[in-house]
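Peer 1: with the sequence up front, the predicted model follows.
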Amino acid sequence: MASLPLTLLRNARLFAPEPRGPCHVLVGGGRILAVQVEPPAIDPSLCEVVDLGGARVIPGLIDAHVHVTGGGGESGPASRVPEVALTQLTRGGVTSVVGVLGTDCTTRSVAGLVASTLALRELGLSAWCWTGGYQVPPVTLTGSVRSDIVFVDPIIGAGEVAISDHRSSQPTLDELARLAADCHVAGLMSGKAGVLHLHLGDGPRGLEPVRRLLGDTELPARVLYPTHVNRKRGLFAEALELARRGSCIDVTAFPVAEGEDALSAADAIAAYCESGAPHARLTVSSDGGGCLPTFDADGRVAAMDVGSPGALAETLAALLESGQALERVLPVFTANVADALRLARKGRIFVGSDADLVVLDDSHRIREVMARGRFLVRSGEPIAFGTFEGPPARRVR
């Protein structure tokens, strides 16, 4: 039986991300068509009705840093992480994703990243990607960062360019300035975000290169978008000052061991909210599919973990369990990311926005996920799968 053209979500307690109270949400053509206190009068033959029973409905989560083609490779070819599967994202409430290359720009390519990004679009998500990776000069698809952003639809900026890290190419300030300028001008030419996404290692220089760029050039602060800023407490303190100067900063939802000189994403978000820094300049990402290595004194990988796209939902649940108000922290996962990346129909629920919706259960866990008007998760379980995942009967032959 063909699916009905409209879906009516009744009895939703809406956070858009601001609290809207009990609402009924009409979805059609992949967009939000109506948000009303009273249910709209709709021909039942045209509409699937889903009664949410007062459950909280939030915008789909936006993950701006996922190694969709797999990260790793820092301990030999066998340490290359596999590609991220669709359900790894959807189980965690992620409806929009930005793919990234990391250390390995040799066996991984921008062409492969763009292909994987387009595949996620075919499977029902909204997806974009960064061009380049750790190294400078960056690897590109068309020969330059500027033309990649201008001419390749999914590419919205460059990154993750590594600074303050032993794995970086040790870029000079002039090289970073030219790269950020290319991003900025390409963003103006294309109407895209045009930002430089910067990987922060745990080196002693910290965010000093970014401060120098802001002090020595005319680049707008919004063009510089550093991530992993919670990996050291001192680095996070630097990042707070950077946010006050106008840059958007990104914390990573990686695991933090007891006694480690780092902040969990939940602790970093809570601390940021109390700091007085501009609330709209903080985002959180998962580093999903990325290798999380621990190096010994000789620079060899001593231990390795892999980032999980589900870490965003886990971080949100941890914040709510600690007593944080949903409307206070939700923009960090939704509206703030959409604004930083200039994704006009994402991160908020309003008439005309994309129908990317997540339903939370009473334990703050993901219950339902709708992306572009189509349910991908029901009752906590995926109902849509990638081509090579899921039960054998669901796979394309």
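Peer 2: In hand now; what should we look at?

Peer 1: for the rest of this, base every contact and every neighbour count on C-alpha atoms.
Peer 2: Will do.

Peer 1: residues in contact with Ala265?
Peer 2: Asn230, Val251, Thr252, Ala253, Phe254, Val284, Thr315 (C-alpha atoms under 8 Å, 6 or more residues apart in numbering).

Peer 1: ok, longest helix in this protein?
Peer 2: helix 173-190 (DSSP state H).

Peer 1: picking up where we left off before, could the contacts of Ala265 be laid out in JSON lines, adding distance to Leu4 and secondary structure?
Peer 2: Listed next are the contacts of Ala265 as JSON lines, based on distance: C-alpha to C-alpha, whole Å; DSSP: H, G, I helix; E, B strand; the rest coil:
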{"residue": "Asn230", "distance to Leu4": "45", "secondary structure": "coil"}
{"residue": "Val251", "distance to Leu4": "40", "secondary structure": "strand"}
{"residue": "Thr252", "distance to Leu4": "39", "secondary structure": "strand"}
{"residue": "Ala253", "distance to Leu4": "38", "secondary structure": "coil"}
{"residue": "Phe254", "distance to Leu4": "40", "secondary structure": "coil"}
{"residue": "Val284", "distance to Leu4": "35", "secondary structure": "strand"}
{"residue": "Thr315", "distance to Leu4": "35", "secondary structure": "helix"}
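
Peer 1: mind putting the residues you listed into TSV with distance to Ala78 and pLDDT?
Peer 2: Listed next are these as TSV, based on distance: C-alpha to C-alpha, whole Å; pLDDT from 0 to 100:
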residue	distance to Ala78	pLDDT
Asn230	29	98
Val251	28	98
Thr252	25	98
Ala253	25	97
Phe254	22	90
Val284	29	98
Thr315	30	98
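
Peer 1: what's next to the longest helix of the chain, contact-wise?
Peer 2: 136-137, 145-147, 149-150, 156-158, 192-196, 209, 212-213, 217, 219, 223-224.

Peer 1: go through it and flag the buried ones.
Peer 2: Leu176, Ala177, Leu179, Ala180, Ala181, Asp182, Cys183, His184, Val185, Ala186, Gly187, Ser190 (16 or more other C-alpha atoms under 10 Å).

Peer 1: nearest to Ser3, out of those residues: which one, please.
Peer 2: Checking the buried residues of helix 173-190 against Ser3 with C-alpha to C-alpha, the nearest one is Ser190 at 35.9 Å.

Peer 1: going by distance to Glu327, which of the buried residues of helix 173-190 wins?
Peer 2: For those, the nearest to Glu327 is Gly187 (30.4 Å; C-alpha to C-alpha).

Peer 1: gap between the residue nearest in space to the middle of the chain and Pro309?
Peer 2: Centroid check for the chain by C-alpha atoms, centre = their mean gives Asp63 as the closest residue, at 1.4 Å. Distance, Asp63 to Pro309, using C-alpha to C-alpha, to the nearest Å: 8 Å.
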